[in-house]
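Visitor: Here's a sequence, model it:
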Amino acid sequence: MAKRERVMRMSVEQPLWRALTGYRVLTVLYAIGLFATTYDKFDRPWVAVAFFAFLLVWTLATLPRVSGAANCTKRFLAADLTVALTGILLTRVADSASRIDGGGPTLPSIWTAGAVLAFAIKGGWRWAAFASTLVAAANIVERGAPTRDTVHNVILVWVASIAIGYVVEVARASERTLARALEIEAATRERERLARDIHDGVLQVLAMVQRRGSAIGGEAAELGRMAGEQEAALRTLVSGGLVPVSRVSEDAALGALVRAVDEPDDEDPQGPLDLRLLLAPYATARVTLSEPGAPVPLDPPAAREVAAAVGAALDNVRRHVGEDARAWILVEDEPDAVIVTVRDEGPGIPEGRLAQAEGEGRLGVALSIRGRLRELGGTAELISVPGQGTEVELKVPKDARGKARTR
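Guide: I've put the predicted structure just below:
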């Protein structure tokens, strides 16, 4: 069955956009309420009424614009900041000079901070510094002189917006790093799956051709030599592999992209699969299978992975001990796990041989056995005493859900 590439977008900024949306609504209502309580103190209240009517309509109409980075364009940010600056400068037209000199609030009041914060979330601390500087200049012009309260408020907005913008930039960098890590993990898991499939098929055939060709001699020996070279090259490829370059969004504010590969879930709709049915074909005159009298249920993909791991263990027995070597398979059905043990009568594995084989790219135990059980949340223990054979114990939890394998 064909695999499907899936692209996921990550965005840690979305909660900030939702908070900004709520902030703009609450602050426009606050500014209107503040004006309503001091209506009779304005010299030209009709100017304020006209501005607040426009500000309310503008705020509600532009809520979709501040719902996410994609909709918050540079043109909108410029228009939104213009509305805030206009409201600040109109304060001297609408309000009385005594109230302004006494430190009265501007018409948009704290709504102005929302416009600056939109710059910070969209473009980072540099955009925030630019917008807050313009707001500071407008406040000084409205006051006529840089009073203590004005400077205090300006610095507060300036520092807060730049800090938020910096945090957003750091969050984006962390988001991209996490996306890359997730993509590397997905690519590594896919490479290990392919390596297991290749080891189960192609590499085993190439190794057999090399052995048989060397034994026959003549032209077959040359064929065996070529098969050995291809086997070595293929092992190097599957043990290393390449991780694709991460996709980068044209606009960093849109969030990082993670590429993953979805495999079709081919679970049996009728329920768990009896592991005994998959292990039965391994029973031969040389391989003894001991199993419970009752079914051993496992999730179908998990059962297939366990059976494939058993097959890989038996392949190792035939390859390293001999075609006529005896082996035993024991299946134990415990309350919370299934344990499958594969034992042979060979000479055992010398200490350090597995690490050496893995370093040479021979990944039969590392991937075909341990890798499968690791993905299922289980374990694969290998016990080998020189001269007394080798025992591989596979333990998988009953709630394990494996990935469907494609051939």
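
Visitor: Helix or strand: which one has Thr86?
Guide: Thr86 belongs to helix 74-94 when assigned by DSSP states H and E.

Visitor: residue ranges of the strands in the stretch 151-300 of the chain, please?
Guide: 256-262, 273-274, 287-290, 297-298 (DSSP state E, counting those that start in this stretch).

Visitor: Just give me the lowest mean pLDDT stretch among those strands.
Guide: Lowest mean pLDDT of the strands of the stretch 151-300 of the chain: strand 256-262, a mean of 52.

Visitor: Nearest residue to Ala31 in space, please, no chain neighbours.
Guide: Leaving aside its chain neighbours, Ala31 sits nearest to Ser109 (4.4 Å; criterion: Cβ to Cβ, 6 or more residues apart in numbering). The way it works is simple: take the backbone N, C-alpha and C, and place the C-beta from them, glycine included.

Visitor: Where does Leu330 sit: helix, strand or coil?
Guide: strand (DSSP: H, G, I helix; E, B strand; the rest coil).

Visitor: Return the set of residues that bridge with it.
Guide: Ser290, Thr341 (DSSP bridges).

Visitor: ranges for the strands of the stretch 301-407 of the chain?
Guide: Going by DSSP E, counting those that start in this stretch, the stretch 301-407 of the chain shows strands at 327-333, 337-344, 379-384, 390-397.

Visitor: Of all the ones you listed, which one comes closest to Ile88?
Guide: Of all the strands of the stretch 301-407 of the chain, strand 390-397 sits nearest to Ile88, with 64.1 Å by Cβ to Cβ.

Visitor: ok, Pro105 - contacts?
Guide: For Pro105, the contacting residues are Leu34, by Cβ atoms under 8 Å, 6 or more residues apart in numbering.

Visitor: try it again with 10 Å
Guide: Counting by Cβ atoms under 10 Å, 6 or more residues apart in numbering, Pro105 makes contact with Ala31, Leu34, Phe35, Thr38, Thr91, Asp95, Arg99, Asn153.

Visitor: so who does Leu275 touch?
Guide: Listed by Cβ under 10 Å, 6+ apart, the contact set of Leu275 reads 291-292, 295-298, 302-304, 306-307, 310, 331, 333, 338, 340, 396.

Visitor: still on that earlier bit, which secondary structure elements does the helix holding Thr86 contact?
Guide: helix 14-37, helix 45-61, helix 97-101, helix 111-123, helix 125-143 (3 or more Cβ pairs under 10 Å, 6 or more residues apart in numbering; DSSP states H and E).

Visitor: would you turn these into TSV with mean pLDDT, mean neighbour count and distance to Ala283?
Guide: Output for those, formatted as TSV (pLDDT from 0 to 100; neighbours: other Cβ atoms under 10 Å; distance: least, Cβ to Cβ, whole Å):
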stretch	mean pLDDT	mean neighbour count	distance to Ala283
helix 14-37	91	16	56
helix 45-61	93	15	74
helix 97-101	79	13	95
helix 111-123	90	25	65
helix 125-143	88	20	69
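
Visitor: so can I have TSV of the ones you listed showing distance to Gly346?
Guide: Below are these laid out as TSV (distance: least, Cβ to Cβ, whole Å):
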stretch	distance to Gly346
helix 14-37	58
helix 45-61	78
helix 97-101	95
helix 111-123	65
helix 125-143	66
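
Visitor: quick one: which of these is nearest Ser384?
Guide: Closest of the helices and strands packed on helix 74-94 to Ser384 is helix 14-37, at 53.0 Å (criterion: Cβ to Cβ).

Visitor: Tally up the residues packed near Thr341, please.
Guide: Thr341: 19 surrounding residues under other Cβ atoms under 10 Å.

Visitor: And the residue nearest to Ala31, how close does it get to Gly293?
Guide: Relative to Gly293, Ser109 is positioned 80 Å away (criterion: Cβ to Cβ, to the nearest Å).

Visitor: neighbour-wise, which of these two wins?
Guide: When neighbours are counted by other Cβ under 10 Å, Ser109 and Gly293 differ, and Ser109 comes out ahead with 20 against 6.

Visitor: contacting residues for the more buried one?
Guide: Counting by Cβ under 10 Å, 6+ apart, Ser109 touches Thr27, Val28, Tyr30, Ala31, Ile32, Gly33, Leu34, Phe35, Gly87, Ile88, Thr91.

Visitor: cutoff 7 Å now
Guide: Ser109 makes contact with Tyr30, Ala31, Leu34, according to Cβ atoms under 7 Å, 6 or more residues apart in numbering.

Visitor: Adding distance to Gly378, write those out as TSV.
Guide: Converted to TSV, those look like this (distance: Cβ to Cβ, whole Å):
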residue	distance to Gly378
Tyr30	59
Ala31	62
Leu34	65
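
Visitor: Out of those residues, which is nearest to Leu223?
Guide: The closest of the contacts of Ser109, once distances to Leu223 are taken by Cβ to Cβ, is Tyr30, at 84.7 Å.
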